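dropping the sequence and predicted coords here.
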Amino acid sequence: ADVDVRPVELNHRATKFDLTLNVAEGDQGLQLLLEYSCALFNGETAGRYLMHFVQLLSQITGQPEARIGSISLVTAEEKQQLLHTFNDTAAEYPQEATIHGLFEAQVEKTPDAVAAVYGDQQLTYAELNARANQLAWTLRG
């Protein structure tokens, strides 16, 4: 199915709901209007939601007998990106290196950089290394 997605400015009026999808039949097929709160969503995210809905409609109309579990919201390109592009994290490192040795090398390079975040708490590499060393000495004892 041909899909034409373009932003439509609605005179800066406030949306009644955080996310609203209106569907109408027009001269050239279905017309979808996705209204969204700019405080909660950006245009890229809203556009992706709309394309996922179109993907869903395309699969349902192309295979009306398909089981719900076999329907995918993501396109083949997105699936490739999620499974392969985003997971391409291979990096060169010395084969004789240990994980704790690599970590300590990073501590020396960037001791004040943030290494771990949990909620509103964060630890720098130096702080995390100090805590790891404390734990190691406790375990040894």
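Perfect, I can see it now. What you see is a predicted model, and the numbers here were worked out from it, not measured in a lab.

for E96, what is the enclosing helix or strand?
Using DSSP states H and E, E96 sits in no helix or strand.

can you give me the strands in the chain?
19-26, 29-36, 114-118, 121-124 (DSSP state E).

other SSEs contacting the longest helix anywhere in the chain?
If you go by DSSP state H, the chain has its longest helix at helix 43-62. The contact analysis (3 or more CB pairs under 8 Å, 6 or more residues apart in numbering; DSSP states H and E) places helix 43-62 against strand 19-26, strand 29-36. Every residue, glycine included, has its C-beta placed from N, CA and C.

right, so the ones you listed: which one is the most enclosed?
strand 29-36 (a mean of 15; mean count of other CB atoms under 10 Å).

nearest residue to the middle of the chain?
Nearest to the geometric centre of the chain sits L82, at 8.8 Å (CA atoms, centre = their mean).

for that residue, which non-adjacent residue is spatially closest?
Ranked by CB to CB, 6 or more residues apart in numbering and with sequence neighbours excluded, the top spatial neighbour of L82 is V74, at 6.8 Å.

so who does that neighbour touch?
Taking CB atoms under 8 Å, 6 or more residues apart in numbering, we find V74 in contact with H52, Q55, L82.
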